[in-house]
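Q: Turn this into a structure:
(3 chains)
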Amino acid sequence: MERIIAESKVVDGLVLVNPMHITASCYVNDLERGLHQDIMEWLEKMAPYHGKDGVDGPEYLHHRTGEDNGDAHLKRQLLGQQVTMPVQNGRLHLGTWEQIHYAEFDGQRPKRILVKVIGIQQE
Amino acid sequence: MERIIAESKVVDGLVLVNPMHITASCYVNDLERGLHQDIMEWLEKMAPYHGKDGVDGPEYLHHRTGEDNGDAHLKRQLLGQQVTMPVQNGRLHLGTWEQIHYAEFDGQRPKRILVKVIGIQQE
Amino acid sequence: MERIIAESKVVDGLVLVNPMHITASCYVNDLERGLHQDIMEWLEKMAPYHGKDGVDGPEYLHHRTGEDNGDAHLKRQLLGQQVTMPVQNGRLHLGTWEQIHYAEFDGQRPKRILVKVIGIQQE
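A: Modelled structure (predicted):
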């Protein structure tokens, strides 16, 4: 991320971080292993992989298309799909504990994240 | 959307897509009918129209104002209220399955969506 | 907020409103006291302060670090972490009922919100 911002030569602006996939999230939170697992367990409780109410519940309608990732589409919305962060003095301007994370809930194919920097460039 | 971007003459930048209403969402996900219904059923389970725990649960406090759309305000936050997407070469730069959707959970009044394009204009 | 935008001299652009803390949200919704309480009760139901399933449920793993704010990290993601809003004619361009809110779910330390305005400046 820092490399992309440096290459953009933008010193003052915004950077959009957006997964190009609809079963993934870019979000900002703490980089702490226990919290990471808490988040994943919480998402699984809220939008279970095994259908609408867990193992014995009805399937997602989306699975009629042959996909099995209905839960991934919901988890992405719950966690938040994208973030826009500030760039200042040519660097990401983050709070002490802010870290940008990427979460992929499907993982069947190679993935791309779009990072777009706009703003005033270095002269 | 493509028309607005073309008229803005922005070739490289960002577009903000924001509902001007607080009972609505702009979000990015798959354009698949089954998934769409899955999302709507999931939102209804998480934030029921009929009060806090469904049909027999207590009403939303917001309904004391005469409104009956407490659930719509919650569904909007759950699904995500707005998106910012990249513009490149004068067009929306989307992943293969990314589609911008508008969801309205109240629907009592005519609605407006704000689309704001910023960036470098064509010379 | 209006003061920051005025001082930025940006007349046409975007403003990013981002809490610099990962237990907080900036979001847009109605400024109505009952709805505010509905939102807070809903967040507590979805991500309880007292561990994963409420008072008698297992603790968040994050609490092994000595923190007790696992719920705050989840509530922030559920409500939405940040907003980007349009600036037009040197002012925030909001829908009739749109209001930017800050919600803090931990509250142990002094907090900062980052407000970043970008766009075309007044000549």
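Q: ok, which residues in chain A are in contact with chain C?
A: A:12-14, A:27-30, A:32-35, A:37-39, A:41-42, A:45-46, A:78-80, A:83-86, A:93-98, A:118-119 (Cβ under 8 Å from any Cβ of the partner chain). Using the backbone N, CA and C atoms, a C-beta is placed for each residue, glycine as well.
Q: Report the buried members of those residues.
A: A:12-14, A:27-30, A:32, A:34-35, A:38-39, A:42, A:46, A:78-80, A:83-86, A:93, A:95, A:98, A:118-119 (16 or more other Cβ atoms under 10 Å in any protein chain shown).
Q: Helices - which of the residues you listed land there?
A: Among those, the subset assigned to helices under DSSP state H consists of A:Gly34, A:Leu35, A:Asp38, A:Ile39, A:Trp42, A:Met46, A:Leu78, A:Leu79.
Q: Mind picking the two most distant members of those?
A: A:Gly34 and A:Leu78 (19.5 Å; Cβ to Cβ).
Q: Can you get me a residue count around the residue nearest to A:Glu104 when sequence neighbours are not counted?
A: Excluding its sequence neighbours, the residue lying closest to A:Glu104 (Cβ to Cβ, 6 or more residues apart in numbering or on different chains) is A:Ala24, at 4.7 Å. Using other Cβ atoms under 10 Å in any protein chain shown, A:Ala24 is surrounded by 24 other residues.
Q: For A:Pro48, what are phi and psi?
A: phi -70, psi 140 (degrees, to the nearest 10).
Q: distance of the nearest residue to it once chain neighbours are set aside from chain B?
A: Excluding the flanking residues, the one nearest A:Pro48 by Cβ to Cβ, 6+ apart is A:Gly54, at 4.5 Å. Noted for A:Gly54: a distance of 12 Å to chain B, by Cβ to the nearest Cβ, to the nearest Å.
Q: what's the residue nearest to A:Glu104 in contact with, if anything?
A: When contacts are counted by Cβ atoms under 8 Å, 6 or more residues apart in numbering or on different chains, A:Ala24 touches A:Ala72, A:Arg76, A:Gln81, A:Tyr102, A:Ala103, A:Glu104, A:Phe105, A:Asp106, A:Lys111.
Q: Closest one of those residues to B:Pro58?
A: A:Arg76 (30.7 Å).
Q: and the gap between that closest one and A:Asn18?
A: 12 Å (Cβ to Cβ, to the nearest Å).
Q: Specify which residue of the two has the higher count of neighbours.
A: The residue with more neighbours, out of A:Arg76 and A:Asn18, is A:Arg76; 30 against 25, by other Cβ under 10 Å.
Q: thought the more buried one was touching B:Val28?
A: No - the pair formed by A:Arg76 and B:Val28 falls short of the contact definition of Cβ atoms under 8 Å, at 9.1 Å.
Q: which neighbours do these two share?
A: Joint contacts of A:Arg76 and B:Val28 (Cβ under 8 Å, 6+ apart) are A:Ile22.
Q: tell me which element A:Lys111 falls in.
A: In the assignment (DSSP states H and E), A:Lys111 maps to no helix and no strand.
Q: Now do the contacts for it.
A: A:Pro19, A:Met20, A:His21, A:Ala24, A:Glu104.
Q: Out of those, which is nearest to chain C?
A: A:Ala24 (14.3 Å; Cβ to the nearest Cβ).
Q: And that closest one, what's its pLDDT?
A: Predicted confidence (pLDDT) for A:Ala24: 96.
Q: Could you tell me how far it is located from B:Gly13?
A: 23 Å.
Q: repeat for A:Asp56
A: 49 Å.
Q: how about the strands of chain A, start to end?
A: In chain A, the segments counted as strands under DSSP state E are A:10-19, A:24-29, A:83-88, A:91-92, A:99-104, A:113-121.
Q: Partner strands of the shortest one, with direction?
A: Going back to what we said before, that points to strand A:91-92. On the basis of DSSP bridges, the sheet neighbours of strand A:91-92 come out as strand A:83-88 (antiparallel).
Q: got the angle between the strand it pairs with and strand B:10-19?
A: 130 degrees (axes from the mean of the first three to the mean of the last three Cα atoms, to 10 degrees).
Q: hmm, who's touching strand A:83-88?
A: Contacts of strand A:83-88 (Cβ under 8 Å, 6+ apart): A:5, A:10-17, A:26-28, A:92-94, A:100, A:117, A:119, B:14, B:84, C:16, C:18, C:81-82, C:84, C:114, C:116.
Q: which parts of chain A sit against chain B?
A: So far as Cβ under 8 Å from any Cβ goes, chain A lies against chain B at A:14, A:16, A:18-22, A:46-47, A:52, A:60-65, A:70, A:73-74, A:76-78, A:80-82, A:84, A:112, A:114, A:116, A:118.
Q: Now with 6 Å, please.
A: A:16, A:20-22, A:60-62, A:64, A:70, A:73-74, A:77, A:81, A:84, A:114, A:116, A:118 (Cβ under 6 Å from any Cβ of the partner chain).
Q: filter the residues you listed to the buried ones?
A: Using 16+ other Cβ under 10 Å, the buried ones in the residues of chain A next to chain B are A:16, A:20-22, A:60-62, A:70, A:73-74, A:77, A:81, A:84, A:114, A:116, A:118.
Q: could you measure the closest residue to A:Arg112 other than its chain neighbours against B:Trp97, distance?
A: Spatial nearest neighbour of A:Arg112, excluding adjacent residues (Cβ to Cβ, 6+ apart): A:Met20 at 4.7 Å. For A:Met20, the distance to B:Trp97 equals 9 Å [Cβ to Cβ].
Q: Please apply the same query to A:Arg112.
A: Applying Cβ to Cβ to A:Arg112 and B:Trp97 gives a distance of 12 Å.
Q: Touching both of the two, which residues are there?
A: With contacts defined as Cβ atoms under 6 Å, 6 or more residues apart in numbering or on different chains, no residue is adjacent to both A:Arg112 and B:Trp97.
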